[in-house]
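Asks: Quick one, structure for this:
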Amino acid sequence: MKFNNCFLKHRSRFFTIIELLVVTSIISILASMGYQGFNIARNKATDGGIKEELSSARNQAQIYYSSTGSYGDQATTTGFEVSSSGVFSDPKMTQVIAAAEKLSSGQASYVSDNSFYTVSVPLRSNPSKSWCVDSLGNAGIIDGTILTTSCGSSTSSGGSSGGSGGSGGGGSSNSCAATGGCPLTTNGSSCTSYTAATVDSPTPCSSVSITSTCNNGVWSTLPGNEAVCTVTSPCVAPDGSTVPHNGTFTGYSTSWVSCGSSCPARTAVMTCNNGSWVGYASNTCTVGTCNSCAGSGGCGPTASGGTCTTYQINHVALPATCASVARTSTCTNGSWDSSPYMATICMPHDWSTDAWGACTNGNQTRAVVCKTNSGTGSIVSDAYCSPFTKPAVSQTCNCSVSISTAYAHYGSSQTSNFCSTYGYSNGCVGDPICSSLSDTGKIYTCCNANFGGVDVTTATCTQTCN
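Replies: Coordinates of the predicted model:
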């Protein structure tokens, strides 16, 4: 009995093969069930990500339309490719659709034109179904892919609505979310919005208005960006042109500047505000007329900008110059910048000796006088010349006589008796002629035979004094 108990205690430490197989099977079944549940949960989460990405795509499409007024050129494709223009060329749009494709492991399909767009992406949980959003506000599950102007009535709610447009399924009456210039609007109600906040008169606001009706959460027409429109008046610019509301005109900051000033550059800007100008700008700028200066001192009437030179005195004694007593006055808008002097001319004066009278050798007195134009003009009072530079009155007069001769050559055909034939002395060079001051004015004729010819010489006694 004791043996059996011992055996039983020893056997309880192990599992039989059957027991192990049962446990393994149970674990496999549970693991399989858990894995399937995990995949389902993961795919649903992935589908939720696809819906969120397309919701972002719809928001981005609305932003694009608000800024451009259109969804752009026509584009149709299966398998998303960046479009060359339009809403599907927008970088943010391509980013969110690419993210949805990555979650889906499938290819997006889209279609667009100026007034609409539609885009769909296959669901991860069921690739035969796609999540679709469009410009009418539809968002839901469709069969396969669709390349029409909207997701259509085939959409069904698949969880997240993906945006403010609501889902396509169900029979409830949904309001339309606030969009552009339209507020939250109940089903069946209409809203008028505008594509521009202002229009220039005479254009009416009706030209930019959009009436949108809410159809079970979907706007019949995408509202404009503005809730209010105002008709504005243009402004007439200083140059006569018409400037629209919020337009600008650039001109001068002043229409007049005083004499001697310069007009500023055209940098002043004013803005048209519904028919009225804000700010100031002039189309023209005028420099004021400058006044002439009345005559003063030695200056007569002078136009503004002109100059006049006068002198403190009308003479100066050398070595002084007239420039040292001159004044140049400038007229500026009727006023002299410095008072003109009375004298209109100035001449330098200098001492000069008068001509010699009858001169004999020895000292002789001749007049020393003051003359205009540096000693070359007429005689004036000694007071006009500097007494420090007057020459001595007594001067030495030294005179002498000399012979000035002129020769006439008669050629080699004449002989030495030519001189006696005509009564001329043969020779005279070296004769004591012109030997004293009393010989002044005497004329001698001499005859010289040279080189087989005859030269007749006329000699005159000339007096020189210094």
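Asks: Please make it C-alpha for all contacts and neighbour counts, starting now.
Replies: Fine.
Asks: before we move on, what SS does Pro202 have?
Replies: Here Pro202 takes the coil state, with states given by DSSP: H, G, I helix; E, B strand; the rest coil.
Asks: so how far is Gly217 from the residue lying closest to Gly295 once chain neighbours are set aside?
Replies: Computed as C-alpha to C-alpha, 6 or more residues apart in numbering, the closest residue to Gly295 that is not its neighbour in sequence is Pro301, at 4.3 Å. Distance of Pro301 to Gly217, given as C-alpha to C-alpha, to the nearest Å: 91 Å.
Asks: More neighbours: which of the two?
Replies: Under the criterion of other C-alpha atoms under 10 Å, the comparison of Pro301 against Gly217 puts Gly217 first, with 26 against 14.
Asks: confidence score at that one?
Replies: As predicted, Gly217 sits at a pLDDT of 73.
Asks: Could you identify the longest helix within this protein?
Replies: Of all the elements of type helix in the chain, the one with the most residues (DSSP state H) is helix 17-68.
Asks: list the helices and strands that helix packs on?
Replies: If you count contacts as 3 or more C-alpha pairs under 8 Å, 6 or more residues apart in numbering; DSSP states H and E, helix 17-68 packs onto helix 91-104, strand 129-134.
Asks: Poorly predicted segments of the protein, please.
Replies: Counting by pLDDT under 70, the low-confidence segments of the chain come to 1-15, 31-41, 74-84, 146-149, 152-173, 354-366, 393-398, 403-435, 444-459, 465-466.
Asks: Show me the domain layout of it.
Replies: 27-143, 233-287, 306-397, 399-465 (automatic domain parsing).
Asks: Tabulate those in TSV, adding columns for mean neighbour count.
Replies: What follows is the domains of the chain, written out as TSV (neighbours: other C-alpha atoms under 10 Å):
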stretch	mean neighbour count
domain 27-143	20
domain 233-287	17
domain 306-397	16
domain 399-465	15
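Asks: Between these, which one is closest to Thr185.
Replies: Among the domains of the chain, domain 27-143 comes nearest to Thr185, with 13.7 Å by C-alpha to C-alpha.
Asks: Phi and psi next, for the residue nearest to Gly295.
Replies: The phi and psi values for Pro301, taken as degrees, to the nearest 10, are phi -60, psi 130.
Asks: Would you check how far apart it and Pro340 are?
Replies: The spacing between Pro301 and Pro340, counted by C-alpha to C-alpha, is 12 Å.
Asks: how about the strands in the stretch 301-450 of the chain?
Replies: Residue ranges of the strands in the stretch 301-450 of the chain, as given by DSSP state E, counting those that start in this stretch, are 307-311, 315-317, 326-332, 335-336, 347-353, 362-365, 368-371, 379-380, 394-397, 399-409, 425-426, 443-450.
Asks: Sorry, slip of the keys, the one I care about is the stretch 151-300 of the chain.
Replies: When secondary structure is read from DSSP E, counting those that start in this stretch, the stretch 151-300 of the chain shows strands at 190-194, 198-200, 209-215, 218-219, 230-232, 235-236, 242-243, 248-251, 256-257, 268-273, 276-278, 286-287.
Asks: where does the third one sit relative to the chain's centre, distance-wise?
Replies: Read it as strand 209-215. Put simply, strand 209-215 sits 49 Å off its chain's centre (C-alpha atoms, centre = their mean, to the nearest Å).
Asks: Also the last one?
Replies: Relative to the mean C-alpha coordinate of its chain, strand 286-287 is positioned 24 Å out (C-alpha atoms, centre = their mean).
Asks: Also the second one?
Replies: A distance of 32 Å separates the C-alpha centroid of strand 198-200 from that of its chain, computed with C-alpha atoms, centre = their mean.
Asks: same check, this time on the fourth one
Replies: The gap between the average C-alpha position of strand 218-219 and the chain average comes to 51 Å, counting by C-alpha atoms, centre = their mean.
Asks: which helices and strands does that strand pack with?
Replies: With contacts taken as 3+ C-alpha pairs under 8 Å, 6+ apart, strand 218-219 sits against no other helix or strand.
Asks: Report the strands that pair with that strand, each with its relative direction.
Replies: On the basis of DSSP bridges, the sheet neighbours of strand 218-219 come out as strand 209-215 (antiparallel).
Asks: residue contacts, Asp350?
Replies: Neighbour list for Asp350: Ala317, Leu318, Cys370, Lys371, Thr372, Asn373, Ser374, Gly375, Cys385, Ser386 [criterion: C-alpha atoms under 8 Å, 6 or more residues apart in numbering].
Asks: Which residue, other than its chain neighbours, is closest to the fifth one?
Replies: So the one you mean is Thr372. The shortest distance from Thr372 to any residue that is not its chain neighbour, by C-alpha to C-alpha, 6+ apart, is 4.7 Å, and that residue is His349.
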